[in-house]
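**Q** Return a 3D structure for these sequence lines:
(2 chains)
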Amino acid sequence: MMSHIWTAMLLVSIVFSWLTGQGTALAGAVMEGAQAGVTLAVSMAGSLCLWAGVGNLMTRIGLTDKLSRLLAPVLKRIFPSSAADHALAGDLSANICANMLGLGNAATPMGISAAKRMARGDTATNELCRLVVLNTASIQLIPANVAAIRTALGAAAPFDILPAVWITSLCSAGLGIVAAWFLGRVWKDD
Amino acid sequence: MTDYLVPLLLFLTAALALRKQENAYGLLLEGAAQGLHILGSILPALILLMTAVYMLRASGAVEIMGTVLSPVFSFFGIPPETALLVLIRPISGSAALAVGAELMAAYGVDSLIGRTAAVMLGSTETTFYTIGVYFGAAGIRKTRYALLAALFADFVGFFMASLTVKLYC
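**A** Sure thing, here's the model as predicted:
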């Protein structure tokens, strides 16, 4: 997949720079871009490592458990079958909470475990579709990666985009769930 | 308000850990060391993809794409300059990071476009990858409407990112 994207990006940039007569700029961009990758990574390093540290701390002191208790009523409405299945309810809330705290590495195994419990045969159930939508919508309280890039590029206040990120994630997750609910009612299986 | 959020979060997590008699400093160190590993694993991809994104920008292809797609994007109030980010976000996380970072650098990190790119990156996910991982692990072959609903959620994210930045930032 990435090999195709990579090759296509190169082809497009060569063809377009030939058409627009930007050959010199293109040649310069090769080295400049590679260097920019290193510069970006190095200047992100501080905030990225700090957040990974805080993430580790939050996991160990059980912050995810506290958050999941707050979320339980909402999750029962979105995933009715979790009301009867405690292990599933636990996996689900742990998955969503880890996502919210930006602990993507911790979120995936629990989400997969929830998905396995929800799976019935090889067809995606309505609840499984909703789980996938929630996980692709990225509800994050502290988007550490983006804050790290903003810091690296010298933003005045790297975190001032947070309210916008929260509103945006809530809307996309919420409307995604509504869309999944609607599609679940009208979808014709072939 | 957001100024105190992060310093307070740092303090509160450490204080909570102390109360639970956990080694707060040790846990932070351990996590920070893992952060270095994460950084090491994305660095090679970042170098390759930043190269490609810089080439695309220098060739004029990004600009032409923005111009071509501009009627559609403007209709929804999404800045046409973010076209490449919007297209690549659901497909590859590291490519989106590279495109987003280049956008923020090119237009200014605190500009309307720079902020919109940041909010888009922070509030969406690598949809195709996530769906692949979940359905692959659960052995699902008939995915029904999952991709459609997830891409709709992404679209709402791009739309709302543009709107909230215009309103709040």
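**Q** Which per-residue confidence value corresponds to residue 65?
**A** Picking chain A for this. Confidence at residue A:65, expressed as pLDDT, is 77.
**Q** that's the wrong chain, I meant chain B
**A** Confidence for residue B:65, expressed as pLDDT, is 92.
**Q** all helices for chain A, in order.
**A** Taking DSSP state H as the criterion, chain A carries its helices at A:2-20, A:23-60, A:63-78, A:86-100, A:104-118, A:126-137, A:144-152, A:162-186.
**Q** tell me, what residue is most central in chain B?
**A** Centrality entry for chain B: nearest residue to the mean C-alpha point is residue B:121, 2.2 Å, by Cα atoms, centre = their mean.
**Q** Now do the contacts for the residue nearest in space to the middle of chain A.
**A** With distances taken as Cα atoms, centre = their mean, the residue of chain A nearest its centroid is residue A:138 (4.1 Å). Contact analysis of residue A:138 by Cβ atoms under 8 Å, 6 or more residues apart in numbering or on different chains lists A:99, A:169, A:172-173, B:122-125, B:157. In short, each C-beta sits where N, CA and C put it, glycine included.
**Q** now, among these, which is nearest to residue B:78?
**A** When the contacts of residue A:138 are ranked by distance to residue B:78 (Cβ to Cβ), residue B:157 comes first, at 10.6 Å.
**Q** Residue A:136 versus the nearest residue in space to that closest one that is not next to it in sequence, what's the distance?
**A** The shortest distance from residue B:157 to any non-neighbouring residue, by Cβ to Cβ, 6 or more residues apart in numbering or on different chains, is to residue A:172 (3.7 Å). Note on residue A:172: its distance to residue A:136, by Cβ to Cβ, to the nearest Å, is 9 Å.
**Q** shared neighbours of those two, anything?
**A** Residues touching both residue A:172 and residue A:136 (Cβ under 8 Å, 6+ apart) are B:153-154.
**Q** For the chain, give me the ranges with low pLDDT.
**A** You didn't say which chain, so I picked chain A. A:190 (pLDDT under 70).
**Q** sorry, should have said chain B
**A** For chain B (pLDDT under 70), the answer is B:1, B:169.
**Q** residue furthest from the geometric center of it?
**A** residue B:21 (35.7 Å).
**Q** do the same with chain A
**A** Distance from the centre of chain A peaks at residue A:21, with 38.6 Å (Cα atoms, centre = their mean).
**Q** Return the distance of that residue relative to residue A:70.
**A** Distance from residue A:21 to residue A:70, by Cβ to Cβ: 59 Å.
**Q** Same question for residue A:115.
**A** From residue A:115 to residue A:70 the distance is 23 Å (Cβ to Cβ).
**Q** now that we're looking at residue A:41, how far away is residue A:49 from it?
**A** Counting by Cβ to Cβ, the gap from residue A:41 to residue A:49 is 12 Å.
**Q** I meant to write residue B:129 there.
**A** Distance, residue B:129 to residue A:49, by Cβ to Cβ: 24 Å.
**Q** what does residue B:130 give?
**A** Remark: distance between residue B:130 and residue A:49 (Cβ to Cβ) = 25 Å.
**Q** Report the buried residues of stretch B:94-102.
**A** For stretch B:94-102, burial by neighbour count (16 or more other Cβ atoms under 10 Å in any protein chain shown) applies to B:94-102.
**Q** Chain A next: which of these are close?
**A** Within the set of the buried residues of stretch B:94-102, contact with chain A (Cβ under 8 Å from any Cβ of the partner chain) is found for B:95, B:97-98, B:100-102.
**Q** which one of those is nearest residue A:75?
**A** residue B:97 (29.8 Å).
**Q** residue contacts, the closest one?
**A** A:145, A:149, B:42, B:46, B:49, B:121.
**Q** where does it land in three-state SS?
**A** Taking DSSP: H, G, I helix; E, B strand; the rest coil as the rule, one finds residue B:97 in the helix state.
**Q** Next, the contact list for the closest residue in space to residue B:143 that isn't next to it in sequence, please.
**A** Excluding its sequence neighbours, the residue lying closest to residue B:143 (Cβ to Cβ, 6+ apart) is residue A:124, at 5.1 Å. The contact partners of residue A:124, taken as Cβ under 8 Å, 6+ apart, are A:132, B:135, B:140, B:142-144, B:146.
**Q** for the longest helix along chain B, which positions count as buried?
**A** Counting by DSSP H, the longest helix found in chain B is helix B:24-59. For helix B:24-59, burial by neighbour count (16+ other Cβ under 10 Å) applies to B:24, B:27-28, B:30-32, B:34-35, B:38-39, B:42-43, B:45-59.
**Q** Great, nothing more from me.
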